[in-house]
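S.K.: Please find the sequence and the predicted model below.
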Amino acid sequence: MIAGKRFAVPAVILGSLLAGALYAWFSGEDINWDRQNYHEYGAFALLNGRFEVDVAPGGFQTFLNPLAYLPAYLLRHHVGAPFWGMLLGAVHGLNLALIYWLSRTVLGTAASSWAVLSSLVIAAFGPMTLSEVGTSFADILTALPIIAGVTLIMSASEQQGNSQDRIIVAGLLIGGAVGLKLTNSTFLIGAGASLLFAARPLAAMVSFAAGSVVGALVTGGAWAWTLWEQFGNPVFPFYNTVFRSPEAPLESIADTRFLPHSLWEAAAYPFYWLIGDHRSSEWAFRDPRFAVILVLFAIVALTGLLRNVGLFRTRDKQFLLFFVVAYGIWLLTFSIHRYAIALELMAAPLIVLLLSRLMEALDRDQARARPSVAAISTIIVAVAIAIWSQPADWFRRPWSDPYRPQLADSLLTPATYLALQKPVGYLVPLLPATSRVFQLSDIVMPIAPGGSLEDRIRWGLAHPLPGGVWALYRQGSQPRVDLLDSYGLRFDASRPCERIPGADGVDFEACHLAPTSQTSPAS
């Protein structure tokens with residue numbers, strides 16, 4: 001038995017790596033819009049010192065911490081296809097190994113082999129999780145430290161001698177995830193709230209807070225300091241009503257498209273997801289997990305009240321409090337579904353936990369005598385959830401046709417590019433190393449007149465590169481020619497445009513620009 005348990009851990013880790021790698025191979029090459037816009041550029045700019053050369057090729061998202069996008073960039077550019085995607089998918093697959101650990105921790109004595117297997121099945125088929133396996137998104141990558149941190153908190157009560165150490169490490173991990181991606185703050189708050197059930201709540205919260213601050217500084221401190229030095233706002237361009245940087249609008253930058261319009265709608269979101277209503281995401285998906293949690297919790301709580309017994313242990317309450325607080329803050333702050341991937345994964349052990357408590361409630365006297373009933377019921381629920389789930393699609397290319405564009409000879413000379421559309425960030429690494437790219441079209445954060453970013457653009461235009469000045473926009477669209485007016489530029493109709501193949505099948509036009517006095521506007 002002991003040997004079997006020892007073998008289980010490496011088997012789960014290996015299986016998780018293999019599952020992630022195979023799914024990434026099966027799905028194809030990642031070409032999601034955010035990768036095209038700023039994921040690729042952010043990592044490239046960090047490694048090549050381009051943040052002080054270009055002007056926001058990815059628009060306002062250019063200024064998000066690029067550290068989270070380094071793994072995908074380095075693998076893509078240093079490992080051949082499809083192996084870079086499979087390696088990235090393998091890393092993402094490790095979330096399953098962490099769910100195994102979390103499941104055994106929160107289920108406690110109910111952590112039978114069938115219960116843990118059911119949890120892994122539910123987690124493995126998470127629709128938003130699957131959509132990000134092998135992609136450049138940071139949500140699935142930062143889910144790793146979040147799940148590990150939550151597991152350490154849940155296990156701290158069992159480790160009396162080093163419980164505070166575990167809580168500090170949990171803070172380091174979850175704080176580090178926040179430093180990489182600020183939207184992970186929902187999990188930080190939920191984890192902090194769960195410590196109300198710790199043996200010494202105040203001491204635990206202090207330890208967790210200390211670890212969180214250090215973790216956030218390690219992963220995000222340097223980037224926040226860079227933004228502070230350049231723009232006077234450590235989270236530029238967000239919260240600019242507080243920091244009031246002259247380089248960004250003095251207003252809140254928030255994506256409110258997916259927020260519920262009432263408390264009734266907020267309460268109904270899990271049931272919308274159940275039937276495939278994807279009002280929390282741009283692309284269609286179907287997910288029964290959160291609806292199942294709500295129904296199971298209501299049944300278990302009602303059964304406990306009717307029988308006048310307490311069915312939830314202290315750790316159950318701790319895990320439930322974490323989940324409810326994190327989910328509630330996410331729902332009322334973002335409601336962007338991929339930001340909740342860590343919750344989607346952790347919904348698996350929570351569902352199995354609630355099923356386990358329900359079985360106990362239905363027959364407290366004979367539950368141990370009929371373990372097969374609980375096992376079969378749990379497996380049926382897990383398989384049903386997996387079958388009903390439908391992953392979202394952020395777009396991919398077949399590995400047989402990886403994105404390897406060839407530039408025209410006229411684009412191989414360093415030049416200045418004025419971007420009139422998004423996304424163009426992923427094209428920047430393809431251009432000659434000393435080229436400059438200035439984004440003019442971002443609606444959320446337009447170039448502030450008289451600011452340092454506009455000064456950089458004007459300096460670049462006043463000091464031309466050998467390849468001249470080009471406009472860059474998506475083929476077949478109407479470029480925003482008016483953006484060129486303040487710089488005294490127009491399309492040069494006397495010279496042909498060049499085509500740059502796009503990753504998603506929509507190509508780009510690179511067109512020569514010249515001073516207004518020498519050319520006529522493009523038709």
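M.R.: It's in.

S.K.: ok but residue 335 is inside a strand, no?
M.R.: No: Residue 335 is assigned coil when assessed by DSSP: H, G, I helix; E, B strand; the rest coil, not a strand.

S.K.: Next, count neighbours for it.
M.R.: Using other Cβ atoms under 10 Å as the criterion, residue 335 is surrounded by 21 other residues. (Glycine included, C-beta is placed from N, CA and C.)

S.K.: repeat for residue 302
M.R.: Neighbour tally, residue 302, other Cβ under 10 Å: 11.

S.K.: Find me the pLDDT at it, would you?
M.R.: Turning to residue 302, the model gives it a pLDDT of 93.

S.K.: Now do the contacts for it.
M.R.: By Cβ atoms under 8 Å, 6 or more residues apart in numbering, the contact list for residue 302 is empty.

S.K.: mind checking which helix or strand it is in?
M.R.: helix 289-307 (DSSP states H and E).

S.K.: tell me which residues of that helix are tucked away?
M.R.: If you call a residue buried by 16 or more other Cβ atoms under 10 Å, then helix 289-307 has these buried ones: 289-293, 296-297, 299-300, 303-304.

S.K.: Select, from those, the two members most distant in space.
M.R.: Greatest spacing in the buried residues of helix 289-307, by Cβ to Cβ: 289 and 304 (22.3 Å).

S.K.: contacting residues for the residue positioned nearest the centre of the chain?
M.R.: Central residue of the chain (Cα atoms, centre = their mean): residue 139, 2.1 Å from the mean position. Shown in contact with residue 139 (Cβ under 8 Å, 6+ apart): 128, 132, 181, 338-339, 341-342.

S.K.: The longest strand seen in the chain: partners in the sheet, and parallel or antiparallel?
M.R.: Secondary structure of the chain per DSSP state E: the longest strand is strand 508-515. Here strand 508-515 is paired, per DSSP bridges, with strand 469-474 (antiparallel), strand 489-491 (antiparallel), strand 498-500 (antiparallel).

S.K.: avg pLDDT for that strand?
M.R.: 96.

S.K.: Grab the CA positions of it and hand them over as CSV.
M.R.: Below are the C-alpha coordinates for strand 508-515, written out as CSV (Å, rounded to 0.1, in the frame of the first residue of the first chain):
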residue,chain,number,x,y,z
PHE,A,508,-1.2,43.1,-43.2
GLU,A,509,-0.4,46.0,-45.5
ALA,A,510,2.8,48.0,-45.1
CYS,A,511,2.5,51.2,-47.1
HIS,A,512,5.0,53.9,-47.7
LEU,A,513,4.3,57.3,-46.0
ALA,A,514,5.6,60.7,-47.1
PRO,A,515,5.2,64.3,-45.9
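
S.K.: so how far is that strand from its chain's centroid?
M.R.: 35 Å (Cα atoms, centre = their mean, to the nearest Å).

S.K.: In that strand, which residues are buried?
M.R.: In strand 508-515, counting by 16+ other Cβ under 10 Å, buried: 508-514.

S.K.: contacts for that strand?
M.R.: For strand 508-515, using Cβ under 8 Å, 6+ apart, the contacting residues are 411, 417-418, 424, 427, 468-475, 479, 484, 488-492, 495, 497-502, 522.

S.K.: hang on, the earlier thing: next one: the helix holding residue 302 to chain centre, how far?
M.R.: On Cα atoms, centre = their mean, the centre of helix 289-307 falls 30 Å from the chain's centre.

S.K.: try stretch 96-112
M.R.: For stretch 96-112 - counting by Cα atoms, centre = their mean - the centre lies 24 Å from the chain centre.

S.K.: Need the CA coordinates for stretch 282-292. PDB is fine.
M.R.: What follows is stretch 282-292, C-alpha atoms only, in PDB (Å, rounded to 0.1, in the frame of the first residue of the first chain):
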ATOM      1  CA  GLU A 282     -16.000  36.400 -26.200                       C
ATOM      2  CA  TRP A 283     -16.200  32.800 -27.500                       C
ATOM      3  CA  ALA A 284     -18.600  30.000 -26.900                       C
ATOM      4  CA  PHE A 285     -18.100  27.500 -24.100                       C
ATOM      5  CA  ARG A 286     -20.300  25.300 -21.900                       C
ATOM      6  CA  ASP A 287     -19.500  24.500 -18.300                       C
ATOM      7  CA  PRO A 288     -21.700  22.800 -15.700                       C
ATOM      8  CA  ARG A 289     -19.200  23.000 -12.800                       C
ATOM      9  CA  PHE A 290     -20.400  26.100 -11.000                       C
ATOM     10  CA  ALA A 291     -24.100  25.200 -11.300                       C
ATOM     11  CA  VAL A 292     -23.400  21.800  -9.900                       C
END
